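Participant: Requesting a structural model of the entry that follows:
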Amino acid sequence: MVHDYGPGQRFASLHVEMDKNEDPLACHELIDDMERECLRSHNVHLVIHYDPVVTDDPELERLREVVKSLLAIRDPRLTIHDFRMVPGEGHTNLIFDVTLPLELRGREGELKEALEQALTALEGRRYHCVITFDMAPAQ
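Facilitator: All right, here's what the predicted structure looks like:
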């Protein structure tokens, strides 16, 4: 997301996914460097949100790919980030963010329900999707 308040007053925020096993101090240093470089090269004050992600769980990675594929079938502009899983006995919670194109605003409930139904049908297990919808900038 970018906010422009006039010359020299542009601010942007974004998420960066990094392996949870990486040293947090090294990640922080890298993020600081990216923020400084963005200000230097683009005159944009950047704030980066650090999302530590699990990269060594095959089941989580498989489900992430399934969710990405199901969303791409609906609309290839739908993207996800910050994907997590909380397994339970009766169902599994999948927690993630979806970048939502402006044209799909107001259809969040429909997308969530369709995704849960498709996951349950494919996997033979109940899934609850806990989704934060981020609005994509207008194209």
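Participant: for this protein, which spans come out with low pLDDT?
Facilitator: Low-confidence regions of the chain, defined by pLDDT under 70, span residues 138-139.
Participant: middle-most residue in it, spatially?
Facilitator: H81 (1.9 Å; C-alpha atoms, centre = their mean).
Participant: List the beta-bridge partners for it.
Facilitator: The partner list for H81 in beta bridges (DSSP bridges) reads D97.
Participant: Next one: it from E103, what distance?
Facilitator: In this view, H81 and E103 are 20 Å apart by C-beta to C-beta, to the nearest Å. In short, each C-beta sits where N, CA and C put it, glycine included.
Participant: Could you do Y127 as well?
Facilitator: 26 Å.
Participant: These two - which one has more neighbours?
Facilitator: Counted by other C-beta atoms under 10 Å, Y127 and E103 do not tie: Y127 has more neighbours, with 20 against 12.
Participant: Name the SS class of the closest residue to the more buried one other than its chain neighbours, please.
Facilitator: Leaving aside its chain neighbours, Y127 sits nearest to L119 (4.2 Å; criterion: C-beta to C-beta, 6 or more residues apart in numbering). Secondary structure state of L119, per DSSP: H, G, I helix; E, B strand; the rest coil, is helix.
Participant: What segments of this structure are helices?
Facilitator: Secondary structure of the chain (DSSP state H): helices located at 24-42, 58-74, 108-123.
Participant: Of all the ones you listed, which one comes closest to D51?
Facilitator: The closest of the helices of the chain to D51 is helix 24-42. By C-beta to C-beta, the value is 10.3 Å.
Participant: Next, count neighbours for L115.
Facilitator: So L115, with other C-beta under 10 Å, has 21 neighbours.
Participant: Much appreciated, bye for now.
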